[in-house]
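Asks: Sequence plus the predicted model coming up.
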Amino acid sequence: MTISVNVRQIVGPEDAARRNTQGLRDGFLVEGLFSEGRINLTYSHLDRMIVCGIVPTSKTLVIDHVKETGTSQFLERREAAIVNIGGGGKVIVANAEYPLAFRDALYVGMGQGAMSFLSDDPDNPAEFYLLSSPAHRNCPTVLITLDMAKKVRMGSAEEANARTINQYVHPEVCESCQLLVGLTMFEAGSVWNTMPAHLHDRRMEVYLYFGMAEATRIFHFMGEPHETRHLVLKSHDAVLSPGWSIHSGAGTGRYSFIWAMAGDNMSFADMDKVPMESLR
């Protein structure tokens with residue numbers, strides 16, 4: 001069997017505040033997504049978001065039916081976004097082939113059937129990161145290169161957070177039903193992301209950290225503003241962020257991260273900012 005599924009139930013703020021380090025990791029950290037020749041899928045009950053890593057080598061890997069969605073086909077009532085963070089590869093959807101180079105993305109609309117994943121070179125396989133949320137209407141499938149993404153530059157070197165937010169699945173780039181997906185890249189010497197912190201009470205979010213040296217670690221901060229906690233993450237780890245939690249981090253070296261949101265609206269700017277003096 002080339003596909004494995006892990007189900008994550010919702011963790012509330014009171015429960016999270018009482019958990020020790022391992023308990024927090026069990027509830028929010030997603031490890032081991034990328035294994036050669038396998039599909040590793042985590043089904044989160046936070047807005048029914050699915051987080052998945054797909055690494056095809058010599059054989060094509062296919063996502064068609066996943067029992068946990070309760071539908072005959074995976075995309076029957078879902079949309080998906082795929083970002084390649086490995087070697088070159090291809091995704092086949094509805095008999096159309098889409099080549100994805102490093103940091104290219106593909107949005108796939110609801111009802112498009114099975115998705116097949118291939119690597120150009122089995123010795124340098126693609127690493128497809130897939131995100132999927134429920135959908136109620138079909139939107140066109142679109143290939144999105146890094147150059148096509150909307151660029152939003154934020155932060156400064158003085159605050160150690162100079163970065164570019166590349167918005168892939170975003171109303172100004174690609175139509176979608178519920179998903180918002182992007183890639184944040186940092187300038188040399190900048191290590192802080194999403195600080196000052198904010199909340200997304202109307203949406204959940206998930207981060208995937210990558211592009212890190214083997215020894216680099218991310219200190220990812222979470223929790224209610226008055227009750228913060230942290231998780232230590234390595235490259236290719238993902239972290240689930242409920243609407244009640246801040247989501248911010250600092251790295252011991254250079255890194256990038258992919259963010260994805262699902263929930264009530266499509267407004268990237270819909271957030272509740274948290275004053276620095278409110279953090280505990």
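Replies: Sure, I can see it.
Asks: and the longest helix seen in the chain, which residues are buried?
Replies: When the chain is scanned for its longest helix (criterion: DSSP state H), the result is helix 21-28. By 16 or more other Cβ atoms under 10 Å, the buried positions in helix 21-28 come out as 24-25, 27-28. Just so you know, the C-beta spots here come from the backbone N, C-alpha and C atoms, and that holds for glycine as well.
Asks: Please apply the same query to stretch 245-262.
Replies: Neighbour counts over stretch 245-262 (16+ other Cβ under 10 Å) mark 245-251, 254-262 as buried.
Asks: what's the farthest-apart pair in the residues you listed?
Replies: Greatest spatial distance in those: 254 and 262, 28.3 Å, computed using Cβ to Cβ.
Asks: on that earlier part again, export the buried residues of helix 21-28 to a markdown table and tack on pLDDT and distance to residue 36?
Replies: Output for these, formatted as a markdown table (pLDDT from 0 to 100; distance: Cβ to Cβ, whole Å):
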| residue | pLDDT | distance to residue 36 |
| --- | --- | --- |
| 24 | 97 | 29 |
| 25 | 98 | 24 |
| 27 | 97 | 27 |
| 28 | 98 | 26 |
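Asks: Rebuild those residues as TSV, extending it with distance to residue 12.
Replies: What follows is the buried residues of helix 21-28, written out as TSV (distance: Cβ to Cβ, whole Å):
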residue	distance to residue 12
24	13
25	17
27	10
28	12
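Asks: which residues does the closest residue to residue 258 other than its chain neighbours contact?
Replies: Of all residues not flanking residue 258 in the chain, residue 208 sits nearest, at 4.5 Å (Cβ to Cβ, 6 or more residues apart in numbering). Taking Cβ atoms under 8 Å, 6 or more residues apart in numbering, we find residue 208 in contact with 33, 51, 129, 236-238, 257-258.
Asks: In which helix or strand does residue 208 reside?
Replies: Residue 208 belongs to strand 203-210 when assigned by DSSP states H and E.
Asks: tilt between that strand and helix 21-28?
Replies: Interaxial angle, strand 203-210 versus helix 21-28 (axes from the mean of the first three to the mean of the last three Cα atoms, to 10 degrees): 110 degrees.
Asks: what's the helix or strand just after strand 203-210 in contact with?
Replies: Beyond strand 203-210 on the C-terminal side, the first helix or strand identified by DSSP H and E is strand 218-224. Contact partners of strand 218-224, identified using Cβ under 8 Å, 6+ apart, comprise 13, 16-17, 24, 28, 197, 207, 209, 212, 228-234, 237, 239, 241, 244-252, 255.
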